[in-house]
Each structure stands twice: as C-alpha cells, then as structure tokens.
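> Sequence isn't available, so here's the structure alone:
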C-alpha cells in the first residue's frame with residue numbers, strides 16, 4: 001500500500017460548507033490526487049483536551065458546533081463510519097511515543113472535521129477517526145503528536161490537521177465594519193509561515209509567536225494553527241512541502257492548505 005502525505009486543510013467559517021469556492025476546489029483536487037486511504041485520522045481545532053484523546057465511535061455523529069448560521073447548514077450530515085481498529089492503532093502509536101492518551105467512545109465529528117472532509121470525500125466512504133489537539137501544549141506538543149503518528153501513513157492512513165493559518169474573530173468584526181478591508185498582517189503572516197515551512201525552519205516555526213510578524217495577532221489563541229504543526233510533524237523532516245491553496249476569506253481568515261509529501265508518498269512522474 002502506498003504511503004500517504006500528511007495534510008493541513010482549512011475549514012474556515014461554517015459557511016465554507018455552503019460556499020466552498022477556490023479553497024474547496026483545492027481540497028477536492030488533493031483528495032483525487034491521492035491513493036484511496038484505509039482510514040482518515042483528523043485533528044480539528046474544535047476538539048481541545050488536556051491530553052490526546054482518540055475517538056472510538058463506530059458511527060461518529062455530525063456535530064453542528066456553531067450558532068446563528070443559515071438553517072441549511074444544520075441539515076448537512078457527514079455519515080462516515082468510524083474505525084475502532086484504526087483508533088486502537090492511533091492510541092498504541094501515541095502511547096509508544098511516551099505521550100499520555102485517552103479514548104472517547106462517543107466523540108463525533110465537529111465542523112472542523114466534517115466540513116473539509118465533505119469536500120474531499122463527499123461519499124463519506126472512508127472511515128474517520130477524530131483525534132484531539134492540546135492547545136495548552138503549544139506548537140511543540142502538536143508537532144510531537146504528529147511525529148508519533150507518522151508511521152501510520154505507510155499503512156494507508158491519511159493524517160489530516162484542520163484549522164486556519166490566521167484566525168482573529170475580533171479583527172473580523174472590525175474589518176467587516178471598516179469598508180471590508182483585509183488587514184495587511186493576514187497576508188504577511190501567511191507568507192512568513194509558508195517560507196519557513198518550505199525552508200524546514202522548525203526552530204522559527206515552533207517560536208512563531210515571538211518571531212513572526214503579528215504572530216500573536218494572527219492567532220490570539222493557538223488552537224486553529226496547531227493542527228498545522230500536527231501535519232508538519234506527521235510529514236517528517238524530509239517532507240516536500242506543497243502549498244495546495246493560498247487565499248483569504250471573510251477578510252481575516254487565511255485559507256491556506258499544505259501537503260507534506262514524504263519520499264515514499266510523492267506521486268510518480270507522468
């Protein structure tokens with residue numbers, strides 16, 4: 001079975017599910033480019049726990065964890081099956097890496113998980129295992145969690161982190177009321193991050209809040225960026241970094257996506 005890259009995908013605002021646009025097209029395209037996964041392990045910004053927690057549900061429910069959006073959003077479902085077997089593999093890999101880990105028998109898929117996966121695998125025919133992020137652990141913890149699961153890619157498991165490169169909702173309110181202008185820092189931070197990723201500058205990436213332009217403003221709280229570090233760790237040091245999408249939605253949300261191609265996952269030249 002071919003190894004798979006690790007992915008970081010944007011999930012934007014919940015309305016991304018209704019208006020996928022160019023970012024949605026990029027997610028559809030990358031999924032079509034890949035061999036069919038045996039299962040997907042998804043780390044979403046919207047499941048945050050003190051220690052890594054693995055979802056063991058046979059049929060994870062579609063969680064509508066948002067309020068005040070168009071009624072049609074609440075009718076959407078993503079009826080993917082879970083995989084207790086793969087969940088057990090995930091739990092074992094995390095434990096083998098020396099990290100504490102817990103299980104959740106009933107965890108469903110929050111919008112950070114099901115919105116992008118619905119664009120990538122619309123038939124919901126690939127089993128999905130949710131895995132939590134630990135915002136208190138910062139970038140180093142998220143990176144280490146990805147490293148722990150990196151070996152699973154060789155067995156056909158697609159490792160996906162879902163978040164957003166910039167995520168400042170207070171700035172969204174300000175931008176929407178100030179002539180619909182995107183603050184300059186959104187693009188500056190997005191491009192700083194891209195340059196450091198391609199250069200494999202891990203020390204700078206781990207310390208982005210101090211070194212990046214407007215790093216703290218881009219991410220007032222870190223949970224939406226940490227899934228990127230999970231994917232980075234899962235890809236490994238030798239990964240070829242591909243920016244699969246670059247764009248801004250809702251004035252302040254950078255919708256960048258990345259694929260981290262290991263040597264064994266790179267597509268054959270045609």
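Structure's in. What do you need? Not measured: the values here are computed from a predicted model. Residues are numbered from 1 along each chain as shown.
> Name the next helix or strand downstream of the top strand by length along the chain, please.
Assignment by DSSP state E gives strand 39-48 as the longest strand of the chain. Reading on from strand 39-48 to the C-terminus, the next helix or strand found by DSSP states H and E is strand 53-55.
> right, and the helix or strand after that following strand?
Criterion used, DSSP H and E; the element after strand 53-55 is helix 84-96.
> Next, the angle strand 39-48 makes with that following helix.
60 degrees (axes from the mean of the first three to the mean of the last three C-alpha atoms, to 10 degrees).
> what does helix 84-96 contact?
With contacts defined as C-beta atoms under 8 Å, 6 or more residues apart in numbering, helix 84-96 is touched by 38-39, 41, 52, 54-56, 58, 101, 103, 127, 129, 131, 145, 148-149, 151-152, 155, 157. C-betas here are computed from N, CA, C, even on glycine.
> Tell me where the stretch 151-270 of the chain has helices.
169-176, 184-198, 202-206, 208-211, 215-218, 226-235 (DSSP state H, counting those that start in this stretch).
> buried set for the second one?
Right, helix 184-198. For helix 184-198, the neighbour count (16 or more other C-beta atoms under 10 Å) marks 185-186, 189-194, 196-197 as buried.
> Point out the other helices and strands that the longest strand of the chain packs with.
With contacts taken as 3 or more C-beta pairs under 8 Å, 6 or more residues apart in numbering; DSSP states H and E, strand 39-48 sits against helix 84-96, helix 111-120, strand 128-133, helix 138-149, strand 157-163, helix 226-235.
> Count the residues that sit near residue 266.
For residue 266, the tally of surrounding residues (other C-beta atoms under 10 Å) stands at 14.
> Once you drop chain neighbours, what's closest to it?
Leaving out its chain neighbours, the residue that sits closest to residue 266 by C-beta to C-beta, 6 or more residues apart in numbering is residue 240, at 6.5 Å.
> contacting residues for the one you found?
So residue 240 contacts 260-261, 266 (C-beta under 8 Å, 6+ apart).
> So which of these belong to strands?
Using DSSP E, these in strands are 260-261.
> Quick one: the contacts of residue 240 as JSON lines, columns for distance to residue 87 and pLDDT too.
Compiled in JSON lines, the contacts of residue 240 are given as follows (distance: C-beta to C-beta, whole Å; pLDDT from 0 to 100):
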{"residue": "260", "distance to residue 87": "23", "pLDDT": "98"}
{"residue": "261", "distance to residue 87": "26", "pLDDT": "97"}
{"residue": "266", "distance to residue 87": "28", "pLDDT": "78"}
